[in-house]
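Student: based on what follows, work out the 3D shape:
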Amino acid sequence: MLRRRCNGRKPFIAVLYMVAVCSGVPVSDLLDRASQHSDKLHSLSTTLTHELESELLSLARSLLRAWVDPLVLLSSSADTLPHPSQSKIISKIHELQEHSNNLGDGLNVLSGKMEPAAQSVSSLPYRGGNDMGQDKISKLIRFQFLLSCFRRDSHKIDSFLKVLRCRAAKTQPHLC
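Tutor: Now for the predicted structure:
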C-alpha cells in the first residue's frame, strides 16, 4: 500500500519540478522559443512539399499504369456479368479504359516537361488474378470490388494532379 502511494507521487513531483523550472523563464523567452520551433516546422514542411512535387506526378503515372491490366480484366468480365444493365456497364468500362489511356498519354507528355524525378514510373503489378469466379454472385462481388478499388485509386490520381495544378498556378500556394 505504501509503495503505491510513493509511485503516485512521482508524476506529481515531476510536474511540480517542471513548474518551478519554467516559472523562472520569462514568458517572452518561451514565446520566442515556440516561435523558432514553429518557424523551423513550417520551413521543413515547405522544403519537403517542394521536393515531392515531381514525385506526385510520378506516383499518379505509376498508379494509372498499374490499372491497365485490371481494366482489361474488368472489360472482359463485363461481357459475362449477371446484371440487368450489362450493356451500360460494358460501355462505361470501355469509356474508363479510353480516358485512362488518354490521361496516361497526357501525363507522359507532361512528365517530359518536368524534372527527371517526374519521369520515373514504378512498377505496381496487378496480382489479383484473372478469375472473377464461376457463379453469378461471385462474379458480381469481385467485379464490384475491383471497380471500387479503381475508384479509390482514381481519386488519388485526381488529388495528386489537383495539388500539382494548384502549385503550378502559384496563386495562393498556401491553399494547396
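Student: can we go C-alpha only for contacts and neighbour counts from here?
Tutor: Will do.
Student: now the longest helix along the chain: buried residues?
Tutor: When the chain is parsed with DSSP state H, its longest helix is helix 27-66. Buried residues in helix 27-66, counting neighbours by 16 or more other Cα atoms under 10 Å, are found at 53-66.
Student: between those, which is closest to Glu95?
Tutor: Nearest to Glu95 among the buried residues of helix 27-66, counting by Cα to Cα, is Leu64 at 14.8 Å.
Student: quick check: mean pLDDT of the helix or strand where His155 lies?
Tutor: If you go by DSSP states H and E, His155 is part of helix 136-169. Averaged across helix 136-169, the pLDDT comes to 90.
Student: equivalent analysis for stretch 87-107, please.
Tutor: Per-residue pLDDT over stretch 87-107 has a mean of 94.
Student: do you know how far the most centrally placed residue in the chain is from Gln36?
Tutor: Closest residue to the average C-alpha location of the chain: Lys156 at 5.4 Å, with Cα atoms, centre = their mean. Between Lys156 and Gln36 the computed distance is 34 Å (Cα to Cα, to the nearest Å).
Student: and if you look at Ser77?
Tutor: 58 Å.
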